[in-house]
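Undergrad: Build me a model:
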Amino acid sequence: MKTNHKVSFVIATHNENPETVDATIQGLLATTYYGNWREIIVVDDCSKDRYTYKHPNVIVLRNAENLGSCLSRRRGCAAACGDVLVSLDAHMSFAPGWLEEMLKYVDSGALLTPPWRNYRHTTTYHWGCSFGWQSQRFNNYSKIVGLQYHGLFEPQPMLPVVDVPMVIGACYVMRRDAYEAIGGWNPHFSIYGSEEQDLSARAWLFGNGVKCVTGARVGHLDRDGTNPTPFRILLDYYEHNQAVMIKTLFEPETTQILEDFIEPLTVGVRESLSKVDLEGWRSFLQPRRKMSDAQFFRRFLGKQSPITFRNGKPKLKKSELPRGLVQKAVLAEEEGLWLERSSIKNLVRERKKNRVRPRNDQRLGLKARRRVSLPKDVDGIGWSSSIVVEAFGLRIGFQTNVPEFLAPIAKGFAHGWSVEVDNEVDIVYTLVEYQTCLKLYVDSHVAGRIEQEHWISRKGRREVPELVAGSLRYELVERVNDHVFIDAAVVSWKGQAILILGDRWSGRTSLMFEFLKAGAEYYSHAFAAVDGDGRVLAFAQPPAFIDIDGNPKNTWPIESLNCGLEPIGVGMVVDHPLHPGVKFRPQSVSPAKTVGKLFAQTLNARRLGHFAFRSLQRAAENALSFVGPRGDMESTVAELIGRLEKRREKLGYQ
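TA: Residues are numbered from 1 along each chain as shown. Model (predicted):
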C-alpha cells in the first residue's frame, strides 16, 4: 500500500448553511493529517450567499450559475492536484482514522464508499446499495423510471472491505487515474439525481468495481424538518439523468428496449437533452467497457431486470409493457389506425398471448381471495389493539402493541371505507415497538423503521400514520385487480369527475383546493381510482400540501371537506403546471392522447395491461381534456368550469 498519497477533497455546496459547511471542513482538517499531503476544494454552486473560508489548505471556487452537484464535483476534481480524489457532501462528520482506513484499499482502483451512518455515528443505515429497476413512473423520487438504488444491510461475514453493487452517496473515494479512466462525474447530468447509479455502473462496466470499506466511520446529516434540503428538486432532473444513462451506458440493442420505458419524455427533458452531446459521450464510454450488458443485468438486477438475454442478445420480458410502446400505439390510433390494423390492439393481443398466467386465487372472477388470520403475536409480543378495514375488495388488518397509534392510522383511511369486526384479512399490517425502534411489517416484510429517539418526538409520531398511508397506497396498487389507480387529484363538479394531472411542484394540490373553493366535491388529492367501466371512485384521504422535502404539511381534516362517495364518470382531464405570470390558454387534447397521458400516470397499468387500457378508454371517451401552463389559479378554475358547463349544457345535463 502506498503511504504518501496526495489527497484532494472536493465539496460541492448550494445554499447550504455556512456553519454546516464550516463543520465539515473543520472535521476534515482535524481527522486527515497523518503526514498526507491534502487540499480541500469547496465548489460554491452559485449559492445566494457567497461562501468563504480562510485556510491555506482550503480553496473556494464559485460557479457563475447553478450547475448542480454532478457538474460542480466534476469542476472541483478537474482543479484538484491530488492523486486520490474524495468527493463529499457539504454536511458530513468524520471519526479519527477514517481516511487511513479508506486509503488501505484505494490502490485497487475500485470506487470506494464507507457505510452510510447518521451524523453522530450512532446508527449505521446501509453498507452500500444494490441496483433495482423501476418500470412504471410514480411521481415521487423513489419511483422514477430507470435504474434505482436500494440500501444493503450488514454484510455477512463482516469483512474489512466488501464488494457492493453501488456506492451510497455522500462520500466517494477513487484514485485519479481510475476516476479519469471511467470518465469521472458525468458531464451531461442535470442539477440533481442518479449520480450513484451512473458512477457505480461505469465502475463495474469498466472493470474497476465498487467496494464498501466497513471500518471507515463517516457520518451524514439527515434531511428532516430541522435540516431541510436547501434547494428545490424537480422531477425533470431525475428523468434527464436517467435518460442520459440509458442512452449512453448500454449496447445499442439494450438501449433501444430501455428507451421505451422512459418515453414519452416531458418537453423540459427533451429540451435539456438536446443541449448535451450524448453521441460524443457514448463514443467515449463504449470502447472502454469490459463487461457486457448481459453480465451486468444478470449480476446486478437478476429477476428485477426488464429484459432477458439469450446468446447475449437482449429481449423485452413478456410481462413488461413499457409506456413508450403505449405512446407509439396511441399515436397510431390518432392517425386513424385504430381498427383491425391498430398497433395498440396488436400490442395488447401480443401481451395477452405471452403473459405469465397468474395463480387461480389472483385471477378475476375465478375464486374468492384466500383469507389469512391475524396472528396473535410476533416474537412473543402480545397485541393490545387491532382493527380491520375493507377497501376495493381487500380486507386489511392492523395490529400493534402501541395502541395510541391506531387512532391516527385510522384517520388516514379514505373517507367511506368500512371498518370490519372479524379478523379474516388479505393484508396484515403489524406495528411493533421494540426497545430501540418502531418497525412496520406488511405481512412478513419490513415496510419501514423509525428510530426511538426520532419517533418519540412530535414529528416522529406524525411519520407513523404517513408511513402506513404511503405503504397502503402501494399495496392497493400491487394487489387490486379490478381498478386502475392514477397519480392524480380528483374533484367532482355536478356529478362529473375532474382529474388534475401534474408532477410534483406543478401546483396540482393548490389547483385542487381552488376547485373546492369554487364549490366542487372532494374525491382525492393524489390517487384516482377508476373501475372497469371508466368511473372514478372516491379515495378521500386527508389532503395536505408538501414541503420542499416532500413531507406533508398543513393537513386538512377530512370532516371539513365536502366529500363525494358515489362512483362518477370523467368530465374533464387537465394538466396545467404552474408558471407564474403566464396567461392561461388551454389547449384541447384528443381522447386518444388523453388515454396516453392517463396511462403514463397509471400506477398499475403495467401489471393489468388490457384491463387498464379498456378502463382508461372508457374513462376518456366523453371527457374534455386540456393541457398548457397556467398562472393565476382563480381565473384558471373559472375558465375550466365555464368550459365544462358549456359542455354539460350542450349534452343536456341539468
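Undergrad: which residues of the stretch 101-250 of the chain fall in helices?
TA: For the stretch 101-250 of the chain, the helices defined by DSSP state H, counting those that start in this stretch cover 176-181, 195-205, 235-249.
Undergrad: Next, the angle helix 235-249 makes with the second one.
TA: Taking axes from the mean of the first three to the mean of the last three Cα atoms, to 10 degrees, helix 195-205 and helix 235-249 form an angle of 10 degrees between their directions.
Undergrad: what helices or strands is helix 195-205 leaning on?
TA: strand 111-113, strand 129-134, strand 146-151, strand 210-213, helix 235-249, helix 293-300 (3 or more Cβ pairs under 8 Å, 6 or more residues apart in numbering; DSSP states H and E). Every residue, glycine included, has its C-beta placed from N, CA and C.
Undergrad: coming back round to it: Lys583: which of the helices of the stretch 101-250 of the chain is closest?
TA: Proximity to Lys583, assessed across the helices of the stretch 101-250 of the chain by Cβ to Cβ, is greatest for helix 235-249 (23.0 Å).
Undergrad: Using PDB, write out every CA atom in the host helix or strand of Glu466.
TA: In this structure, Glu466 is located in helix 458-479 according to DSSP states H and E. C-alpha atoms of helix 458-479 as PDB (Å, rounded to 0.1, in the frame of the first residue of the first chain):
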ATOM      1  CA  ARG A 458     -44.000  15.100  17.700                       C
ATOM      2  CA  LYS A 459     -42.700  14.900  14.100                       C
ATOM      3  CA  GLY A 460     -41.800  11.200  14.500                       C
ATOM      4  CA  ARG A 461     -45.300  10.400  15.700                       C
ATOM      5  CA  ARG A 462     -46.700  12.100  12.600                       C
ATOM      6  CA  GLU A 463     -44.500   9.900  10.500                       C
ATOM      7  CA  VAL A 464     -46.100   6.700  11.600                       C
ATOM      8  CA  PRO A 465     -49.500   7.200  10.000                       C
ATOM      9  CA  GLU A 466     -47.800   8.800   7.000                       C
ATOM     10  CA  LEU A 467     -45.700   5.700   6.600                       C
ATOM     11  CA  VAL A 468     -48.800   3.500   6.800                       C
ATOM     12  CA  ALA A 469     -50.800   5.600   4.400                       C
ATOM     13  CA  GLY A 470     -48.000   5.500   1.800                       C
ATOM     14  CA  SER A 471     -47.500   1.800   2.200                       C
ATOM     15  CA  LEU A 472     -51.200   1.200   2.000                       C
ATOM     16  CA  ARG A 473     -51.400   3.000  -1.400                       C
ATOM     17  CA  TYR A 474     -48.600   0.900  -2.700                       C
ATOM     18  CA  GLU A 475     -50.200  -2.300  -1.600                       C
ATOM     19  CA  LEU A 476     -53.500  -1.400  -3.200                       C
ATOM     20  CA  VAL A 477     -51.700  -0.700  -6.500                       C
ATOM     21  CA  GLU A 478     -50.000  -4.100  -6.300                       C
ATOM     22  CA  ARG A 479     -52.900  -6.200  -5.200                       C
END
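Undergrad: hang on, the earlier thing: pick the most buried one from the helices and strands packed on helix 195-205.
TA: Stretch with highest mean neighbour count among the helices and strands packed on helix 195-205: strand 111-113 (a mean of 28; mean count of other Cβ atoms under 10 Å).
Undergrad: could you give the mean pLDDT of it?
TA: For strand 111-113, mean pLDDT is 96.
Undergrad: Which strands or helices does it pack on?
TA: Against strand 111-113 (3+ Cβ pairs under 8 Å, 6+ apart) you get strand 171-175, helix 195-205, strand 210-213.
Undergrad: Outside of it itself, list whatever touches it.
TA: Outside strand 111-113, the residues within contact range by Cβ atoms under 8 Å, 6 or more residues apart in numbering are 102, 105-106, 128, 164, 167-168, 171-174, 178, 182, 199-200, 203, 208-213.
Undergrad: now do stretch 51-70
TA: 12-14, 16, 18, 21-22, 25, 29, 38-46, 50, 72, 75-76, 79, 185-186, 189-192, 195, 237, 241.
Undergrad: that older thread, kindly reformat the helices and strands packed on helix 195-205 as a markdown table containing distance to Gly581.
TA: Below are the helices and strands packed on helix 195-205 laid out as a markdown table (distance: least, Cβ to Cβ, whole Å):
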| stretch | distance to Gly581 |
| --- | --- |
| strand 111-113 | 44 |
| strand 129-134 | 35 |
| strand 146-151 | 33 |
| strand 210-213 | 46 |
| helix 235-249 | 20 |
| helix 293-300 | 46 |
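Undergrad: what about those, which gets the closest to Arg479?
TA: Per Cβ to Cβ, nearest to Arg479 of the helices and strands packed on helix 195-205: strand 129-134, 18.3 Å.
Undergrad: Report the distance from the closest one to the chain centre.
TA: 12 Å (Cα atoms, centre = their mean, to the nearest Å).
Undergrad: C-alpha coordinates for it, PDB please?
TA: What follows is strand 129-134 as a C-alpha-only set of coordinates in PDB (Å, rounded to 0.1, in the frame of the first residue of the first chain):
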ATOM      1  CA  CYS A 129     -26.500  -0.200  -2.200                       C
ATOM      2  CA  SER A 130     -27.900  -2.600  -4.800                       C
ATOM      3  CA  PHE A 131     -29.300  -1.800  -8.200                       C
ATOM      4  CA  GLY A 132     -33.000  -2.000  -8.900                       C
ATOM      5  CA  TRP A 133     -35.200  -1.300 -11.900                       C
ATOM      6  CA  GLN A 134     -38.500   0.700 -11.900                       C
END
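Undergrad: Could you check the angle it makes with strand 146-151?
TA: Going by the same axes, to 10 degrees, strand 129-134 makes 140 degrees with strand 146-151.
Undergrad: Can you name every helix or strand that strand 129-134 contacts?
TA: Strand 129-134 packs on strand 146-151, helix 195-205, going by 3+ Cβ pairs under 8 Å, 6+ apart.
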